[in-house]
Each structure stands twice: as structure tokens, then as C-alpha cells.
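A.B. asks: could you look at this predicted model? Sequence included:
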Amino acid sequence: MHPEIRLFGRTVGTYGLCSFFGFALSVFVGWILVKRWKNTIDDVLLLALPIAAGLFLGGHLLYGITRADEVISAFSRFGAGDYREGFAELSEGLGGMVFYGGFLGGLAAVLIFTRFCRLFARGNALDLYAVVTPLFHTFGRIGCFFGGCCYGREWSHGIVVQENRLVPSVAGVPRFPVQLVEAGCNLLIFLLMLSLFKRKRAEGKLLFVYLLVYPVLRFVLEFFRGDSIRGGWLSLSTSQWISLLLFVAAVAILLFHRITEKNKKAVRDEGD
């Protein structure tokens with residue numbers, strides 16, 4: 001693993017570097033795409049800033065929920081006056097990020113932004129978010145691979161890592177490269193979403209298309225994960241439960257829209 005690299009004389013975390021590059025590329029792609037609506041790079045940057053904040057806060061918050069025992073313990077230490085150990089434990093409990101938390105945080109940012117700012121129609125902004133999310137996620141998963149987190153289950157034909165400072169116990173064991181597999185699948189989802197966007201298919205509904213595809217992929221790939229830090233309930237991981245909820249929600253909303261549109265068409269036909 002290469003959790004850190006030297007860049008311009010400084011030590012930089014590989015995961016953070018991959019995420020930064022992925023976000024910057026997503027902003028660039030977004031700028032190219034919004035020309036359809038006569039928006040500018042400034043408009044994209046104004047939308048990207050709250051999304052970045054939502055990604056950061058949501059990702060850390062959901063990670064903290066999966067490690068609630070450590071967070072509660074940290075506040076207990078604060079109450080006992082042990083601030084040094086309390087901050088150390090709180091940093092550990094909130095130090096990681098969970099994709100779905102970041103995704104939902106970014107989604108909330110889009111909804112809030114379009115509520116108070118009219119630079120983008122809400123449907124357009126959500127379509128754009130659906131296109132660039134898997135692109136950003138591709139680089140995030142590559143960062144996970146180099147960082148040593150989210151490792152896969154033992155597999156005789158897998159990749160052997162000789163050193164993993166984050167989780168030393170997984171070194172020297174052939175493991176399924178689940179991070180790279182998910183990165184490749186996310187890239188394919190990005191290409192699908194980009195194709196639909198460019199052909200003006202499912203306009204205003206691309207987010208739901210994404211939520212019909214990625215949660216299924218994530219649900220399946222979770223069975224090939226070997227890390228136990230994700231949390232879970234009833235033999236399913238936290239991310240699998242969220243995948244189920246998001247998939248069902250997407251189906252329900254699409255069905256509701258379809259029924260509503262049919263009813264409106266029926267009313268118009270009666271009026272004619």
C-alpha cells in the first residue's frame with residue numbers, strides 16, 4: 001500500500017490526493033456539461049462548494065454513527081475531565097468517511113442550494129450530481145486501495161499486499177481487490193450516466209437512474225468486503241441496508257411520478 005506519497009517536498013495522503021483529483025475532474029466535467037444550460041464555470045464552482053461541505057460532513061457523520069460506541073465513550077471522557085483521551089477517541093470515532101454519508105450530504109447540499117439560489121433548476125442540478133458522483137467515487141475507491149482501507153475478503157487468486165500500516169493484519173494475505181473492482185464499476189456507471197445526459201434521456205430523473213444501478217452494485221460487492229469496520233445488522237452491513245432503502249425509495253418515487261403523469265394525461269384527455 002502507499003497511504004502517503006512525497007509531493008513537492010511534502011507528505012500527502014494518497015486517499016486525500018485521489019479524492020481531490022476526482023473532485024476537481026468532476027467540477028471540470030460539470031463545467032463542460034452545464035454549457036447546455038448556458039451556465040458558467042463560476043456557477044459550477046458555487047454549486048461545488050456546498051456539495052464539498054456536504055460530502056465532508058455527511059461522510060464523517062455516518063462514519064461516526066457506525067462507530068457510535070467510540071463517540072459516546074469520547075463524550076464520557078469529556079464529562080470525566082479526561083479531555084486528551086476524549087479528543088483522541090473522538091478523532092478515531094469520526095476520523096473516517098463513509099460514501100453513502102457523503103453522497104447524502106452532497107445531495108442535501110444540492111437541494112438546499114437550489115432552494116435558495118436560482119442558478120440551476122433543481123432537476124438540472126440533480127442530473128448533474130448524478131453524472132459526476134460515480135466519476136468522483138471512482139477516484140475515491142482508487143484512494144481506498146492505495147490507503148489500505150475497504151480491503152476485500154481472502155481469495156486465493158487475489159492481490160497480496162506486503163505492508164498495510166492502516167490494518168497490519170491483512171498484509172501478506174491474498175485478497176479480492178474489491179476497491180479496484182468498485183472503481184471500475186463506478187467508471188462504467190459514469191459513462192452510462194454521461195451517455196444518458198448527452199442524449200437527453202431521463203431528463204430530470206437521472207438521479208433515480210443512478211439509484212437503481214449503484215445500490216445494486218454496492219449491495220453485491222459488500223459480500224466481497226473483508227473489513228469489519230463498516231458496522232451491520234442482521235448479517236447485512238450498514239451500506240447494504242442503505243442500498244436497499246435508496247433503491248426502494250427510487251422505485252417508489254418513479255412509480256409515484258408515473259402514476260401522477262398518467263392521471264394528469266387522463267384529465268387532459270377528458271378535457272378535450
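C.D. replies: Yep, it's here.

A.B. asks: report the rounded mean pLDDT for the helix or strand harbouring A88.
C.D. replies: Per DSSP states H and E, A88 falls inside helix 83-94. For helix 83-94, the mean per-residue pLDDT is 76.

A.B. asks: may I have that helix as CSV, with CA atoms only?
C.D. replies: Provided in CSV are the C-alpha atoms of helix 83-94 (Å, rounded to 0.1, in the frame of the first residue of the first chain):
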residue,chain,number,x,y,z
TYR,A,83,-10.0,15.8,27.6
ARG,A,84,-6.8,14.5,26.0
GLU,A,85,-8.1,10.9,25.8
GLY,A,86,-11.6,12.2,24.9
PHE,A,87,-10.4,14.1,21.9
ALA,A,88,-8.2,11.2,20.8
GLU,A,89,-11.1,8.8,20.9
LEU,A,90,-13.4,11.3,19.2
SER,A,91,-10.9,11.8,16.4
GLU,A,92,-10.7,8.0,16.0
GLY,A,93,-14.5,7.7,16.0
LEU,A,94,-15.1,10.4,13.5
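
A.B. asks: what is the helix or strand following that helix packed up against?
C.D. replies: Using DSSP H and E, the next helix or strand after helix 83-94 towards the C-terminus is helix 99-116. Secondary-structure packing of helix 99-116 (3 or more C-beta pairs under 8 Å, 6 or more residues apart in numbering; DSSP states H and E): helix 41-66, helix 122-147, helix 238-271. Every C-beta, even on glycine, is put in place using the N, C-alpha and C of the backbone.

A.B. asks: point out the most buried one among these.
C.D. replies: Ranked by mean neighbour count, those are led by helix 122-147 with a mean of 23 (mean count of other C-beta atoms under 10 Å).

A.B. asks: and that helix, what does it pack onto?
C.D. replies: Helix 122-147 sits against helix 14-33, helix 41-66, helix 99-116, helix 178-198, helix 206-221, with contacts defined as 3+ C-beta pairs under 8 Å, 6+ apart.
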